[in-house]
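Structural data only, the sequence is not supplied:
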């Protein structure tokens, strides 16, 4: 029984070490910037490998130098994590580097085992339905089984999580089998010929949790980083709106229109003042990073109703919003910069004026947004760099990139004298991001 107790303590110690490693790495800004990337260059993959290999190889060395720290060896878990987060190259290189201390101590099978586990992690990364599914991994596989049978639309996601659980357990099983027949592979086992069943269950469970713990810690860091970046971009959007629209010229023209309406149509003047106050209040007050699409459209209507009074019949607005999209969350101030561009660059220079149309619909858990005008259009040379250089448009694009990575699409179609169409396809906002705001 003392051997059993000491073995279970070693397993708990192993989880503690993994949590400590993940927490320490999460404090590094350099490492956090690596976690934010879903696609990496070769040099970035090599740098990521060196970070992970350096940390986990230190644990292998600690185990070899002092036999009392066997639980510090997290080489298998580190190699698998490297492949899951970085792909084949990162997993292969990390596994090879982590095994170097073991090779010097005569554990010759450590290199092929850990390198192979790293490649296995890269294979699992490729099989993921979306890159974010890796970060949503949970060691409680019973939830994945429940989702597989109960949620018809998420069979692929649930199957991937079950596959990931099976792969982690298989990696530990492979290490145990190799270590049983060869002294050249390290494995953490109790010190008696016939292990207690509890130790076997505990061993595999700890390996499962040792992979899940850093994923959860680092995902929290990624979420926090996304929200910080989202907040920064949102502040920039508000400042851009204040400087470009709520400026003295805008206010002067609006109040001038109100002054004229007071004599001819007092009711309309009152309505215009109310809408102006709503626009000012929305832009000046502090509010959440996300809002319902219905609120965003209401804000656009208030803003455009003022512009319609200013421009007269030259400016027209059409809205076609599907009912099932109105309660969906979107980043605040998402549509305003696009509508502003339509007025400023598309319609203000057109003598006959034109129409701005906003359409929304939902398809396969994705929200589709369209902002369209029939203005003068955008020259082809400028269109090619608009997402990177246009102030309003680039801000919208960057905010969506921060929130959704590669899971969103934003594209612009325009022809000289043929108008401009800005289309956005974005997934539903994840609950953890929306709640954290």
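That came through, no problem. Owing to the predicted nature of the structure, the values given are computational and were not obtained by experimental measurement.

Can you show me the helices along the stretch 1-150 of the chain?
Here the stretch 1-150 of the chain has its helices, by DSSP state H, counting those that start in this stretch, at 2-26, 29-36, 42-65, 75-86, 88-98, 100-104, 110-127, 132-135, 141-150.

Residues touching the shortest one, excluding its own?
The one in question is helix 132-135. Helix 132-135 has contacts (Cβ atoms under 8 Å, 6 or more residues apart in numbering) with 84-85, 124-125, 128, 157, 160-161, 164, 215, 218-219, 222, 405, 407, 430. The way it works is simple: take the backbone N, C-alpha and C, and place the C-beta from them, glycine included.

min pLDDT across these, which one?
Across these, the bottom pLDDT score, 56, is held by residue 430.

how about low-confidence regions in this structure?
Residue ranges of the chain with pLDDT under 70: 1-4, 68, 141-154, 190-194, 235-251, 253, 283-288, 385, 387-392, 430-437.

So residue 176 versus residue 111, what's the distance?
Shown here: residue 176 relative to residue 111, a distance of 18 Å by Cβ to Cβ, to the nearest Å.

Could you chop the chain up by domain?
Domain assignment for the chain by automatic domain parsing gives 2-223, 287-436.

can I get those domains in JSON lines with distance to residue 269?
As requested, those are exported to JSON lines (distance: least, Cβ to Cβ, whole Å):
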{"stretch": "domain 2-223", "distance to residue 269": "47"}
{"stretch": "domain 287-436", "distance to residue 269": "9"}
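
So residue 306 is in contact with residue 277, correct?
No: using Cβ atoms under 8 Å, residue 306 makes no contact with residue 277, being 10.6 Å away.

Looking at the two, which one has more neighbours?
residue 306 (22 against 11; other Cβ atoms under 10 Å).

got the contact list for the more buried one?
254, 257, 272, 275, 276, 279.

Shouldn't it be within a strand?
No: going by DSSP: H, G, I helix; E, B strand; the rest coil, the assignment for residue 306 is helix, not a strand.

which non-adjacent residue is nearest residue 326?
Closest residue to residue 326 apart from its sequence neighbours, by Cβ to Cβ, 6 or more residues apart in numbering: residue 294 at 4.0 Å.

I'd like the distance between the one you found and residue 319.
On the measure of Cβ to Cβ, residue 294 and residue 319 end up 11 Å apart.

roughly how far is the helix or strand harbouring residue 423 from the heart of the chain?
Assigned by DSSP states H and E, residue 423 falls within strand 419-427. Per Cα atoms, centre = their mean, to the nearest Å, the displacement of strand 419-427 from the mean C-alpha position of its chain is 20 Å.

Kindly report the same for stretch 306-316.
Here stretch 306-316 is found 39 Å from its chain centre; the criterion is Cα atoms, centre = their mean.

start to end distance for that stretch?
12 Å (Cα to Cα, to the nearest Å).

Please apply the same query to stretch 60-69.
Distance across stretch 60-69, first residue to last, is 9 Å (Cα to Cα).

in it, what counts as buried?
Across stretch 60-69, burial judged by 16 or more other Cβ atoms under 10 Å covers 60, 61, 62, 63, 64, 69.

For residue 23, see how far away the closest residue to the last one other than its chain neighbours is.
Just to be clear, that refers to residue 69. Leaving aside its chain neighbours, residue 69 sits nearest to residue 62 (4.8 Å; criterion: Cβ to Cβ, 6+ apart). Distance check for residue 62 against residue 23: by Cβ to Cβ, it reads 18 Å.

packing partners for the helix or strand where residue 401 lies?
Using DSSP H and E, residue 401 maps to helix 391-404. For helix 391-404, the packing partners by 3 or more Cβ pairs under 8 Å, 6 or more residues apart in numbering; DSSP states H and E come out as helix 197-244, strand 329-331, helix 336-341, helix 386-389, strand 409-415, strand 419-427.

Dump those into JSON lines; add distance to residue 139 and mean neighbour count as well.
Compiled in JSON lines, the helices and strands packed on helix 391-404 are given as follows (distance: least, Cβ to Cβ, whole Å; neighbours: other Cβ atoms under 10 Å):
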{"stretch": "helix 197-244", "distance to residue 139": "4", "mean neighbour count": "17"}
{"stretch": "strand 329-331", "distance to residue 139": "29", "mean neighbour count": "24"}
{"stretch": "helix 336-341", "distance to residue 139": "42", "mean neighbour count": "22"}
{"stretch": "helix 386-389", "distance to residue 139": "40", "mean neighbour count": "14"}
{"stretch": "strand 409-415", "distance to residue 139": "33", "mean neighbour count": "16"}
{"stretch": "strand 419-427", "distance to residue 139": "25", "mean neighbour count": "20"}
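
Would you check how far apart the nearest residue to residue 115 once chain neighbours are set aside and residue 43 are?
Closest residue in space to residue 115, ignoring its immediate chain neighbours: residue 95 at 4.0 Å, by Cβ to Cβ, 6+ apart. Residue 95 sits 19 Å away from residue 43, going by Cβ to Cβ.

Right, I'll leave it there.
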